[in-house]
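1. Provide a 3D model corresponding to the input given below.
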Amino acid sequence: MSFHFADFQKQFAEHIINGSSPSKLTEKIVPAGKLSIQEALQVYQNGYFARLTEALGETFEGVWFAAGDEEFFGLCRDYISMYPSSVYNLSEFGRKFPDFLRDSMFSDKSSDEAPFLADLAKFELLFQDVFNSQQNKAITAERLQAAGQDFRVEFGPAFALFESPFSVDLIWQQRKAKKPEMVEWNSPLKIMLFKVQGQLFIEAIPEPEFGFLKRLRSGQSVDLAASQTDFLSEQQISQLFQKLFKLGLIQEIVNMELVS
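-> Just a heads-up that it's a prediction; the model follows:
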């Protein structure tokens, strides 16, 4: 029975990920120099895990800082084994990492000492997305004034909302500190992330405004979002829209009268 290159590729990948070494695989490998076949395969396996761990470390610096080297590298290895890389852009490899941390039972620290790790990872992934997004194409003042009585808002790609029961932003800010400080992370967080002229900003948003923005983000009209948001006055809504417009975060508006 012939051994096709596609079969070789499959078995080689299985070895790199899982460590298995089928006899047909080793028969087709000629190691370089003085390395044995197993040593040569180990070089590839170590390189595979090292590069993907490096990619995760670049995206999730805060998680690495909070978990520590040993814990983080263990989580990375488990994640890489569970989700082998299938993307060309390694910055996308950690897309499932927040959910993995939330669902994972591999680490006592992630559930006891640091219950915020999954939310911290989610925050860092969102930060990366906003940072790498295209600059918003803001609407004109005339377009906003012609919106009508009720309208729906479409935000640009360089805008996001984030909430967590933990102040993960405070932990994230400590990730590169030479002398990290103890922070009070066990308090709720509601923020918006946005990019203006290539610079990314993080701003805390009070609950009424945050809930209103969240409803607008989900596609609700201004009237509907306002009716479902307690303790938010028309003046506050007006001030919020002035701010969003000034920052260039509103990309389009849809007149609900025209939609209906």
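
2. How about the residue positioned nearest the centre of the chain: what's its closest non-neighbour residue?
-> Nearest to the geometric centre of the chain sits residue 125, at 1.7 Å (CA atoms, centre = their mean). Excluding the flanking residues, the one nearest residue 125 by CB to CB, 6 or more residues apart in numbering is residue 98, at 6.1 Å. Every residue, glycine included, has its C-beta placed from N, CA and C.

3. gap between the one you found and residue 238?
-> Using CB to CB, to the nearest Å, one obtains 36 Å as the distance from residue 98 to residue 238.

4. Now whatever helix or strand the residue nearest to the centre of the chain lives in - C-alpha only, PDB.
-> Residue 125 is part of helix 117-132, with elements assigned from DSSP states H and E. Output in PDB follows, covering the C-alpha atoms of helix 117-132 (Å, rounded to 0.1, in the frame of the first residue of the first chain):
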ATOM      1  CA  LEU A 117      -8.900  35.600  33.700                       C
ATOM      2  CA  ALA A 118     -11.500  34.800  31.100                       C
ATOM      3  CA  ASP A 119     -12.900  38.400  31.200                       C
ATOM      4  CA  LEU A 120      -9.400  39.800  31.100                       C
ATOM      5  CA  ALA A 121      -8.700  37.700  28.000                       C
ATOM      6  CA  LYS A 122     -11.900  38.900  26.400                       C
ATOM      7  CA  PHE A 123     -10.900  42.500  27.100                       C
ATOM      8  CA  GLU A 124      -7.500  42.000  25.500                       C
ATOM      9  CA  LEU A 125      -9.000  40.400  22.400                       C
ATOM     10  CA  LEU A 126     -11.400  43.300  22.100                       C
ATOM     11  CA  PHE A 127      -8.600  45.800  22.600                       C
ATOM     12  CA  GLN A 128      -6.700  44.100  19.700                       C
ATOM     13  CA  ASP A 129      -9.700  44.200  17.500                       C
ATOM     14  CA  VAL A 130     -10.400  47.900  18.000                       C
ATOM     15  CA  PHE A 131      -6.700  48.700  17.700                       C
ATOM     16  CA  ASN A 132      -6.500  46.800  14.400                       C
END
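
5. I'd like the next helix or strand past it.
-> Later in the chain than helix 117-132, the nearest helix or strand by DSSP H and E is helix 141-145.

6. Show me which residues of that next one are buried.
-> By neighbour count on 16 or more other CB atoms under 10 Å, the buried set for helix 141-145 is residue 144.

7. so who does the residue nearest to residue 186 when sequence neighbours are not counted touch?
-> Counting by CB to CB, 6+ apart, residue 186 lies nearest to residue 166, which is 6.4 Å off, once chain neighbours are set aside. Going by CB atoms under 8 Å, 6 or more residues apart in numbering, residue 166 touches 115, 116, 119, 120, 185, 186, 187, 188, 189.

8. Checking my notes, residue 166 in a helix, right?
-> No - in this structure, residue 166 is coil, not part of a helix, as judged by DSSP: H, G, I helix; E, B strand; the rest coil.
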